[in-house]
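Novice: give me a 3D structure for the following:
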Amino acid sequence: MNKKTKVRILWYLSFLIIFLIVWTILHFTFRNLESQYKGIISGGIAGLLSPRIKEYETQSGKQTQLKWIFMKKVITI
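Specialist: Modelled structure (predicted):
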């Protein structure tokens, strides 16, 4: 498995976990909110809170970074 695949898997897992947490919170706080609205709101919030993937070129080759608002340190892969 190459580095890019590992980064994508990490991004999808973090998005899924954030999505499920937000959806559960919305489910228990707003009982009469319809399911598709919960999904739209959860997807939007998860999209904002999930890490960003950036690729850039250095002298040693391509580098991939994950930048997350919860961590001040950038994860370089």
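Novice: make it CA atoms for all contacts and neighbour counts henceforth
Specialist: Fine.
Novice: residues in contact with the worst-scoring helix or strand of the chain on mean pLDDT?
Specialist: None of the helices or strands of the chain scores lower by mean pLDDT, DSSP states H and E than strand 75-76, at a mean of 77. With C-alpha atoms under 8 Å, 6 or more residues apart in numbering as the test, strand 75-76 has contacts from 63, 64, 65, 66, 67.
Novice: narrow the residues you listed to those in helices?
Specialist: Using DSSP state H, the subset of the contacts of strand 75-76 located in helices is empty.
Novice: among the residues you listed, name the buried ones.
Specialist: Listed as buried from those are 64, 65, 66, 67; burial here means 16 or more other C-alpha atoms under 10 Å.
Novice: got the contact list for the third one?
Specialist: Counting by C-alpha under 8 Å, 6+ apart, residue 66 makes contact with 7, 51, 52, 53, 54, 74, 75, 76.
Novice: 7 Å instead?
Specialist: 51, 52, 53, 54, 74, 75, 76 (C-alpha atoms under 7 Å, 6 or more residues apart in numbering).
Novice: pick the one among the contacts of strand 75-76 closest to residue 42.
Specialist: residue 67 (20.4 Å; C-alpha to C-alpha).
Novice: the closest one and residue 52 touch, don't they?
Specialist: Yes. Using C-alpha atoms under 7 Å, residue 67 makes contact with residue 52 at a distance of 5.1 Å.
Novice: before we move on, back to that, reformat the contacts of strand 75-76 into a markdown table and put pLDDT next to each item.
Specialist: Formatted as a markdown table, the contacts of strand 75-76 follow (pLDDT from 0 to 100):
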| residue | pLDDT |
| --- | --- |
| 63 | 83 |
| 64 | 83 |
| 65 | 82 |
| 66 | 83 |
| 67 | 86 |
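Novice: between these, which sits nearest residue 27?
Specialist: residue 67 (29.0 Å).
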